[in-house]
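Undergrad: Structure of the sequence below:
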Amino acid sequence: MIEIRKITVKHILDESPDLSYLEQEYEEETAENRATYKEQDKKRLDAYNNNQWCCIGIIANGEFLVPFDDHSGIIEHISSGGLWGIESDTTAAEIKGTEEEQIAELKKIAGILNIYVSAHVEIEYKRNW
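TA: Numbering: from 1, shown residues only. You can find the predicted model right below:
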């Protein structure tokens with residue numbers, strides 16, 4: 001039986017995030033609200049450009065051994081789809097929720113491929129940004 005030996009949840013710098021949501025015109029809003037929202041967005045975008053926050057992606061990778069015979073095999077990997085554009089100052093609870101979603105997605109993919117995932121599989125977290 002092929003089994004996931006380790007899951008690694010990675011936080012990766014999103015080097016080209018879509019920040020267009022910070023450049024909206026808010027045409028449906030009143031003039032007063034429009035000015036307020038645009039000023040808030042400008043401050044947030046300025047903070048991004050001054051490296052006060054960044055965007056990251058979170059992805060789960062699973063490692064498993066494909067045996068050739070009783071004595072050899074090759075290590076292979078599968079990954080969740082990942083979620084990108086997460087603001088680095090997002091709450092810890094929201095980050096944890098995204099990590100759990102990516103692990104669940106990886107386990108679902110493993111199941112489709114008939115790769116077993118133990119309830120006690122080792123999970124490592126890497127924050128590379």
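Undergrad: Thr98 touches Ile86, doesn't it?
TA: Yes: the pair Thr98 / Ile86 is scored as a contact, 6.5 Å apart, by CB atoms under 8 Å. From N, CA and C alone the C-beta is placed, and that goes for glycine too.
Undergrad: Now the common contact residues for these two.
TA: Ile58 (CB atoms under 8 Å, 6 or more residues apart in numbering).
Undergrad: what ranges do the helices span in the protein?
TA: With helices called from DSSP state H, the chain shows them at 31-49, 92-112.
Undergrad: in the longest one, what counts as buried?
TA: Spelled out, it's helix 92-112. 95, 98-99, 102-103, 105-107, 109-110 (16 or more other CB atoms under 10 Å).
Undergrad: Check stretch 68-88 too.
TA: Buried, per 16+ other CB under 10 Å, within stretch 68-88: 78, 80, 82-83, 86-88.
Undergrad: Could you tell me the average pLDDT over stretch 43-57, please?
TA: On average, the pLDDT along stretch 43-57 is 97.
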